[in-house]
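K.L.:
requesting a structural model of the entry that follows:
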Amino acid sequence: MNSALYTGTVMHQRLRPLRHRLRYRVFSLLVDLDELPALAKRLRLLSVDRFNLFSIHLRDHGAGEAAGPRAHVERQLRAAGLPTGGAIRLLAMPRILGYAFNPLSVYFCHAPGGALQAILYEVNNTFGERHSYFIEVASDQDQNWIAQRCDKKMHVSPFLGLDMHYRFRIRPPGEDLSIGVQAHDTLGPMLLARFDAQRRPLGDAALLRAFCTHPLLTIKVVAAIHWEALRLWLKGARLHPHPPAPIQGVTLVAKESQTP
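P.N.:
Numbering: from 1, shown residues only. Here you go, the predicted structure:
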């Protein structure tokens, strides 16, 4: 199967006007969306759309529709003039004992021939809002390290404004993976975030081990977000107003906007 478990570490570093850094261990699932029915049958500890120790609920991703995230992603492929029918692999944390929060989920969208043709970045904030950035992978890109960028469209952190852009540096899933995100304003980078992880076979033993080594991970992620926000506020970080979420749920990024 193409689906796998990835365990590693997340690092966040704020560079200015206040310096702040955190690092913690996490794991994510890489799920080939076409393999979901087979995974639900094969694994005792992972279910689809029902409660279990680990579960994947289709409404947690994409447009939250009954057709599931594949239909959502393929709409973006068609809107960008790209072929559909290839593998779509979702990197995200599952629900653990019924609860999940994914600040960032990443869809690796492959062409029918197998090549990686686009990446969709699905961002959730703690205000219950979601926005995605769909970026085509340029044909001349190094497939081992993919660099992309887009303007920021949705409010995420109360300590960062909206007049910014994201820069992504991605090592697609293999024996390891890396998801790097930089938030830039007109003066340069303000926030660096990175997830580095190694691949593990996706089985019940691996899931149980992940639960024991990362207990209640999804709850800890939300707790850590609010704890670090409190620490930043106590340090004197400036709060930015919360603008309305974008009307459109997805931003399609044109090829020509990828130049640095």
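
K.L.:
low-confidence ranges, the protein, go.
P.N.:
Applying pLDDT under 70 to the chain flags the ranges 255-260.

K.L.:
longest helix anywhere in it?
P.N.:
What stands out as the longest helix in the chain, according to DSSP state H, is helix 217-235.

K.L.:
just the CA coordinates of that helix, formatted as PDB?
P.N.:
Below are the C-alpha coordinates for helix 217-235, written out as PDB (Å, rounded to 0.1, in the frame of the first residue of the first chain):
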ATOM      1  CA  LEU A 217      -1.500  13.900  20.500                       C
ATOM      2  CA  THR A 218      -4.400  15.800  18.800                       C
ATOM      3  CA  ILE A 219      -5.500  17.300  22.100                       C
ATOM      4  CA  LYS A 220      -1.900  18.200  23.000                       C
ATOM      5  CA  VAL A 221      -1.600  20.100  19.700                       C
ATOM      6  CA  VAL A 222      -4.500  22.400  20.500                       C
ATOM      7  CA  ALA A 223      -3.300  22.800  24.100                       C
ATOM      8  CA  ALA A 224       0.200  23.700  22.800                       C
ATOM      9  CA  ILE A 225      -1.200  26.300  20.400                       C
ATOM     10  CA  HIS A 226      -3.000  28.100  23.100                       C
ATOM     11  CA  TRP A 227      -0.100  27.700  25.600                       C
ATOM     12  CA  GLU A 228       2.400  29.200  23.200                       C
ATOM     13  CA  ALA A 229       0.000  32.000  22.300                       C
ATOM     14  CA  LEU A 230      -0.300  32.900  26.000                       C
ATOM     15  CA  ARG A 231       3.500  32.900  26.300                       C
ATOM     16  CA  LEU A 232       3.800  35.200  23.300                       C
ATOM     17  CA  TRP A 233       1.100  37.500  24.700                       C
ATOM     18  CA  LEU A 234       2.900  37.700  28.100                       C
ATOM     19  CA  LYS A 235       6.100  38.600  26.200                       C
END
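
K.L.:
list the helices and strands that helix packs on?
P.N.:
strand 20-32, strand 95-96 (3 or more Cβ pairs under 8 Å, 6 or more residues apart in numbering; DSSP states H and E). Where you see a C-beta, it was placed from the backbone N, CA and C, and this is true even at glycine.

K.L.:
residues contacting that helix, please?
P.N.:
The contact list for helix 217-235, computed with Cβ atoms under 8 Å, 6 or more residues apart in numbering, reads 12, 14, 18, 20, 22, 24, 26-27, 93, 95-96, 99-101, 103, 126, 157-159, 214, 239.
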